[in-house]
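A.B. asks: Structure of the sequence below:
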Amino acid sequence: MTFENIVENIDTLPPLSNAANVVRSMYSSGLEMMSVSSLVRVLESDAMLMANMLKMINTPFYGFRKKILTARQAVTLLGTYRVYMFIVKYSIDETLKADTSIYGFNTQQFNELCHLQSALLYQWYSQVNKEDAKYLSQLALVMESGKLLVANEVTKSDYVGEFRKEFNECENLIEFEKEMLGMSSYRISAELFKHWNLDDHFIEVLKALDYTKEEFKELDVYIKRHRHIIHIITTVINVKEILTDHSIALASKKVGKLGLSRNMFERSAYKVRDAYFN
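C.D. replies: Prediction:
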């Protein structure tokens with residue numbers, strides 16, 4: 001099993017749901033098309049989508065004091081960008097239905113991990129740059145999509161036992177995936193986004209997670225910065241560790257290297273952890 005085999009299968013994947021394509025069209029057409037009313041209509045047209053979205057955003061780690069009951073409340077409180085990516089994530093999950101147990105998570109737990117990554121990025125980085133936090137929290141919500149495709153491919157291959165053994169023993173997830181597949185699951189996510197015509201900048205940031213130091217030097221400053229932020233989130237919350245003291249400490253060191261407040265990051269991380277585990 002190789003990266004090339006997986007990428008070949010990407011070309012056979014169906015388009016995302018109608019709801020996802022409608023909001024993607026709004027997004028690409030400009031902010032004026034991403035109105036609250038437009039998104040509310042999309043959400044209300046799909047009862048299952050709406051139910052899943054309300055279920056997730058009412059979990060404690062999103063930090064809303066009152067329960068969100070309607071599509072209009074959800075769009076108003078979360079903002080059009082984040083709701084757009086909620087819809088895309090739901091569509092991706094439905095398209096790539098996968099048994100994620102090879103990563104040690106059932107489907108619900110894996111979904112929660114993705115939402116935790118997005119919630120922490122937004123709660124932490126909005127204190128640094130609110131616009132970037134809104135934008136990057138969208139990417140954080142869907143950046144693990146490549147693992148769904150990997151899980152599908154590994155589960156139906158002869159590599160299940162080897163994959164699980166090596167996964168349990170590995171310390172560096174990206175290097176483990178690159179050794180097993182030739183590329184990390186984040187690069188596979190980038191190929192998925194390309195297939196579905198999602199944000200080009202998201203694609204470049206995810207590809208950058210795989211780059212060597214020499215390749216990384218050639219990137220523009222904007223992509224480098226965003227890659228660093230995403231890497232911090234994948235360090236603190238991942239399929240090996242979720243907000244442990246160890247992963248928070250590792251991520252905090254990376255925050256410090258960027259010249260950002262480690263205390264601010266750690267407060268956000270422990271706040272999200274307390275909400276999730278209590």
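A.B. asks: ranges for the strands of the stretch 101-250 of the chain?
C.D. replies: Assigned by DSSP state E, counting those that start in this stretch, the stretch 101-250 of the chain shows no strands.
A.B. asks: And for stretch 232-241, what's in contact with it?
C.D. replies: Contact with stretch 232-241 is made by 103-105, 110, 113, 116-117, 120-121, 140, 143, 147, 170, 173, 186, 209, 243, 247-248, 250-251, 254-255, 258, 265, 269, as judged by Cβ atoms under 8 Å, 6 or more residues apart in numbering. Where you see a C-beta, it was placed from the backbone N, CA and C, and this is true even at glycine.
A.B. asks: Quick check on those residues: which are buried?
C.D. replies: Neighbour counting by 16 or more other Cβ atoms under 10 Å classes 103, 105, 110, 113, 116-117, 120-121, 140, 143, 147, 173, 186, 209, 243, 247-248, 251, 254-255, 265, 269 among the contacts of stretch 232-241 as buried.
A.B. asks: so of these, which ones are in helices?
C.D. replies: 110, 113, 116-117, 120-121, 140, 147, 173, 186, 247-248, 251, 254-255, 265, 269 (DSSP state H).
A.B. asks: So for M33, what's the pLDDT?
C.D. replies: Turning to M33, the model gives it a pLDDT of 61.
A.B. asks: Roughly how far does E215 sit from L206?
C.D. replies: For E215, the distance to L206 (Cβ to Cβ, to the nearest Å) stands at 14 Å.
A.B. asks: Between the two, which has more neighbouring residues?
C.D. replies: Between E215 and L206, L206 has the larger neighbour count (other Cβ atoms under 10 Å), namely 28 against 11.
A.B. asks: F167 versus the spatially closest residue to that one that is not a sequence neighbour, what's the distance?
C.D. replies: Leaving aside its sequence neighbours, L206 sits nearest to A190 (Cβ to Cβ, 6 or more residues apart in numbering; 4.1 Å). According to Cβ to Cβ, A190 and F167 sit 21 Å apart.
A.B. asks: same check, this time on R82
C.D. replies: Taken as Cβ to Cβ, the span from R82 to F167 is 31 Å.
A.B. asks: farthest residue from the center of this structure?
C.D. replies: Going by Cα atoms, centre = their mean, the residue of the chain most distant from its centre is D158, 28.0 Å out.
A.B. asks: And that one, its phi and psi?
C.D. replies: Note on D158: its backbone torsions stand at phi -90, psi 10 [degrees, to the nearest 10].
A.B. asks: which SSE is the residue lying closest to F86 once chain neighbours are set aside in?
C.D. replies: Spatial nearest neighbour of F86, excluding adjacent residues (Cβ to Cβ, 6+ apart): M53 at 5.3 Å. Here M53 sits within helix 47-57, counting by DSSP states H and E.
A.B. asks: Now the element after that helix, going C-ward?
C.D. replies: By DSSP H and E, the next helix or strand past helix 47-57 is helix 71-78.
A.B. asks: What angle do helix 47-57 and the very next helix or strand once past that following helix make with each other?
C.D. replies: Where DSSP H and E defines the elements, the next helix or strand beyond helix 71-78 is helix 80-95. Put simply, helix 80-95 runs at 120 degrees to helix 47-57, going by axes from the mean of the first three to the mean of the last three Cα atoms, to 10 degrees.
A.B. asks: circling back to that earlier point, name the residue in A190 and F167 with the higher neighbour count.
C.D. replies: Legend: neighbour count by other Cβ under 10 Å for A190 and F167, higher for A190 (25 against 18).
A.B. asks: Just confirm that one contacts H201, I think it does.
C.D. replies: No: under the criterion of Cβ atoms under 8 Å, A190 makes no contact with H201, lying 11.0 Å away.
A.B. asks: what sits against G259?
C.D. replies: With Cβ under 8 Å, 6+ apart, G259 has no contacts at all.
A.B. asks: Report the separation between S184 and F277.
C.D. replies: 28 Å.
A.B. asks: okay, the two: which has more neighbours?
C.D. replies: S184 (26 against 10).
A.B. asks: Need the pLDDT of the more buried one.
C.D. replies: In this model, S184 carries a pLDDT of 92.
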